[in-house]
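**Student:** sequence? don't have it. structure:
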C-alpha cells in the first residue's frame with residue numbers, strides 16, 4: 001500500500017466523525033483499532049482539524065473499520081467519491097468522481113439532457129459572463145477574454161481535464177473573508193502558472209493551430225456531406241410522391257435508399273446525429289417512415305445556419321410534405337418484396 005498522504009478535507013473529516021458515531025466507537029477506540037502504532041489521540045487530532053494529512057493506508061483502514069468492511073476496494077471507492085479524486089490503484093474516469101447535482105440526477109434521457117445544456121448555456125452562462133465582463137476596465141476585459149480563450153482551448157484539446165477544472169466549486173469561498181479569498185486566488189493562480197509552463201513545454205498552441213487547420217478541412221467535407229444529404233432528401237420526397245400512383249410500390253427499397261442517402265449521409269457530416277436527433281431510422285411501417293422524415297425535416301431546419309443550407313420550406317412546400325405524411329401514414333407494413 002502506498003505511503004502517499006491524503007489531505008483531510010472538511011467534508012472527509014465530518015464524514016469520519018459521523019461514521020464513527022454511527023458505529024458507536026470512541027475516537028480513542030478507533031485510533032487503537034486502526035493500528036500502525038498510533039496514539040489514542042491520533043483520530044481526535046484528525047477530527048479536530050489539527051492533523052491535516054494521513055497516509056492512504058491509514059485512511060482506508062479507518063474506513064474499513066467504521067464500515068465494518070473486509071474489502072479495501074469498497075472503502076477506497078467511498079473515499080474517492082468524498083474527495084472527488086482517485087486514491088486507489090484503479091483508474092477512474094473524471095465523471096465517476098463528480099458528485100452529480102440533484103438538478104440533473106433524475107434525468108436519464110439523452111435528448112432532455114442536451115436540451116437542458118442548451119438552455120443552461122444560453123440563459124445562464126452567456127448572460128452571466130457578459131454581465132461579469134461588462135463593468136470591467138479594459139485591462140480586466142483583456143484578461144477575462146484571455147481566460148475564456150484558455151478555457152476554450154482546454155475544452156478543445158483536453159475536454160476531460162476542462163470539465164474537471166470547471167467542477168471546482170469556487171462559489172464556496174466567502175467573498176467577504178479576505179484571507180480565505182486570497183488563499184483561494186493564490187491557489188488557483190499557482191495552478192494556472194503550472195499549466196502555463198506545460199503549454200510552453202509541449203508547444204500546445206502550435207498543436208491547437210495545427211488541429212484547427214485539420215478541423216477546417218474536415219468541416220468543409222462535413223458540409224459537403226450535409227448538402228448532399230439535403231439534395232438527396234428532396235429527390236426521395238419526389239420519389240415517394242410518384243410511388244402514390246403505383247399499384248405496388250417498393251417502399252422497402254425507398255426506405256433503404258433514404259437511410260443510405262439521407263440519414264447515414266447526415267451522420268457522416270455530424271457524427272452521433274442518429275443517437276440524438278434521427279433516432280427513428282429503424283423503419284418497419286409507413287407511420288415509422290413519416291416519423292423519421294419529420295425528424296430529418298426538423299434537423300435540416302434546426303441546423304440550417306450551421307451548415308449554410310437553404311431554408312427547407314423554400315425548397316419543399318409544407319403541403320407537399322403533408323401529402324407525403326398522409327400517404328405514408330396509411331401505407332401499413334413495409335417489408336422486402338419477393339422477386
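**Tutor:** Nice, I can see it. Bear in mind that the values here come from a model prediction, so they are computed numbers and not experimental data.
**Student:** And stretch 80-91, what's buried?
**Tutor:** Taking 16 or more other C-beta atoms under 10 Å as the neighbour-count basis, stretch 80-91 is seen to contain the buried residues 80, 82-84, 86-88. (Glycine included, C-beta is placed from N, CA and C.)
**Student:** actually stretch 218-226, sorry about that
**Tutor:** 222, 225-226.
**Student:** Can you give me the domain boundaries for this structure?
**Tutor:** Dividing the chain into domains by automatic domain parsing, as the record does, gives the ranges 5-97, 100-134, 137-204, 209-329.
**Student:** before we move on, back to that, nearest to residue 212, of the buried residues of stretch 218-226?
**Tutor:** When these are compared for distance to residue 212, the smallest value, 14.8 Å, is given by residue 222; criterion: C-beta to C-beta.
**Student:** Can you verify my assumption that that closest one contacts residue 270?
**Tutor:** Yes: counting by C-beta atoms under 8 Å, residue 222 touches residue 270, with 6.8 Å between them.
**Student:** hmm, back to that, Serialize the domains of the chain to TSV and add fields for distance to residue 336 and mean pLDDT.
**Tutor:** Listed next are the domains of the chain as TSV, based on distance: least, C-beta to C-beta, whole Å; pLDDT from 0 to 100:
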stretch	distance to residue 336	mean pLDDT
domain 5-97	43	88
domain 100-134	31	92
domain 137-204	43	94
domain 209-329	5	95
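**Student:** would TSV of the ones you listed with distance to residue 337 be doable?
**Tutor:** What follows is these, written out as TSV (distance: least, C-beta to C-beta, whole Å):
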stretch	distance to residue 337
domain 5-97	47
domain 100-134	34
domain 137-204	47
domain 209-329	5
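**Student:** Counting only helices, which of the buried residues of stretch 80-91 make the cut?
**Tutor:** With helices defined by DSSP state H, the entries of the buried residues of stretch 80-91 inside them are 80, 82-83.
**Student:** which of those residues lies closest to residue 301?
**Tutor:** Minimum distance to residue 301 across those is 45.0 Å, recorded for residue 80 (C-beta to C-beta).
**Student:** Tell me the spacing between the closest one and residue 276.
**Tutor:** The gap separating residue 80 from residue 276 is 31 Å, by C-beta to C-beta, to the nearest Å.
**Student:** Ignoring the adjacent residues along the chain, who's closest to residue 330?
**Tutor:** Using C-beta to C-beta, 6 or more residues apart in numbering and skipping residues adjacent in sequence, the residue nearest residue 330 is residue 286, 6.6 Å away.
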